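Enquirer: build me a model from this:
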Amino acid sequence: MPGVMGIVNVTPDSFFAEQRTESVDAAVTRGALLFAQGAAIVDVGGESTRPGATPVSEVDELARVVAVVAALSELGPVSIDTTKEEVARQCVAAGAVMINDVGGRLAPVAGELGVAWVAMHAKGTPQTMQDDPRYDDVVEEVRDWLLAKIGEARDVGVTDVWIDPGIGFGKTAAHNWTLLRHCDEFASLAAETETRLLVGTSRKRFLGMLGGEERPVNERLAASVATATAALEAGAALVRVHDVAESVEATKLLTEELIAL
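Expert: Model (predicted):
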């Protein structure tokens, strides 16, 4: 059954300002709410990966996330969203069951620690990824990259592998829409390789560019839920969202029989 991954950003600069949680207590409160709303897993991050974001030191990131992961792991499954090995290690020790890896370099850590691993495609770094990203064929290139990462993960003993095409990470709006339209191909890749597909479109900029006039982040809810639903219909096993209650309701429409009134 498909599920919803709720987002907890313990940062002062994530792109969705209304849902930043800059203290441990605020982050734990938000994570508890997301579980209550039906999140299958909560993804905790202490470093923004939005375009142009400033890197965070390992010390600062650890201070932001470890206590949050420990507290939320008492309530349900928790993922750590990081690119840093030591952050991943300490968060797994605190209870995280998944490493959500932007850029796909932490498979050896996941294999050693026996946790799930998400390989997310990203072109460049947050500082450079939106500087004129180009592909000859974005679907083929992302697919080939994911296939290579699946092989790497198997080689280092990761048994629970997830793939994410990285919508919004080193892609233009046209690239993002193309990837979304071809989610069924990534779902087929997941099925063929005994992995699972994770898709994240929530509140991202390309959703605010529909109709030719950019809408602010707080006006992208409908587009976020619609694209998450489209990804689930195409075969995604998990969608990563800011708006859990609305996304869970949409998911139920796909998985439960509707009774005509």
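
Enquirer: contacts only, for the closest residue to Leu75 other than its chain neighbours.
Expert: Take Leu75 and drop its neighbours on the chain: the residue closest to it by Cβ to Cβ, 6 or more residues apart in numbering is Phe35, 5.0 Å away. Every residue, glycine included, has its C-beta placed from N, CA and C. Counting by Cβ atoms under 8 Å, 6 or more residues apart in numbering, Phe35 makes contact with Gly6, Val42, Leu72, Leu75, Gly76.

Enquirer: same thing but at 10 Å, please
Expert: By Cβ atoms under 10 Å, 6 or more residues apart in numbering, the contact set of Phe35 is Gly6, Ile41, Val42, Leu72, Leu75, Gly76, Pro77, Val78, Val244.

Enquirer: try Ala222
Expert: Contacts for Ala222 (Cβ under 10 Å, 6+ apart) come out as Leu207, Leu210, Glu246.

Enquirer: the same query, at a cut-off of 8 Å, please.
Expert: Counting by Cβ under 8 Å, 6+ apart, Ala222 has no contacts.

Enquirer: just give the number of residues close to the closest residue to Ala40 other than its chain neighbours.
Expert: Distances taken as Cβ to Cβ, 6+ apart put Gly3 closest to Ala40, at 3.3 Å, once the chain neighbours are dropped. Around Gly3 there are 19 other residues, counting by other Cβ atoms under 10 Å.

Enquirer: what sits up against the lengthiest helix in the chain?
Expert: Longest helix in the chain, counting residues (DSSP state H): helix 138-155. Contacts of helix 138-155 with the rest of the structure, by Cβ under 8 Å, 6+ apart, involve 104, 107, 110-111, 117, 119, 121, 135, 161, 163, 165-166, 171, 175, 178-179, 182, 185-186, 189, 193, 195.

Enquirer: now with 7 Å?
Expert: Under the contact criterion Cβ atoms under 7 Å, 6 or more residues apart in numbering, helix 138-155 has outside partners 104, 107, 117, 119, 121, 135, 161, 163, 165, 171, 175, 178-179, 182, 185-186, 189, 193, 195.

Enquirer: for that helix, buried residues please.
Expert: Neighbour-count burial for helix 138-155 flags Val138, Val139, Val142, Arg143, Trp145, Leu146, Leu147, Lys149, Ile150, Glu152, Ala153, Arg154 (criterion: 16 or more other Cβ atoms under 10 Å).

Enquirer: do the same with stretch 28-45
Expert: Neighbour counts over stretch 28-45 (16+ other Cβ under 10 Å) mark 28, 30-32, 34-35, 37-45 as buried.

Enquirer: show me how far it is from its chain's centre.
Expert: The chain centre lies 14 Å from the centre of stretch 28-45; the measure is Cα atoms, centre = their mean, to the nearest Å.

Enquirer: just the endpoints, please. Distance across it?
Expert: 12 Å (Cα to Cα, to the nearest Å).

Enquirer: what's around the closest residue to Leu254 other than its chain neighbours, how many residues?
Expert: The spatially closest residue to Leu254, leaving aside those adjacent along the chain, is Leu232, at 5.7 Å (Cβ to Cβ, 6+ apart). Residues lying near Leu232 (other Cβ under 10 Å) number 25.

Enquirer: likewise for Ala93?
Expert: As a burial measure, Ala93 scores 12 neighbours (other Cβ under 10 Å).
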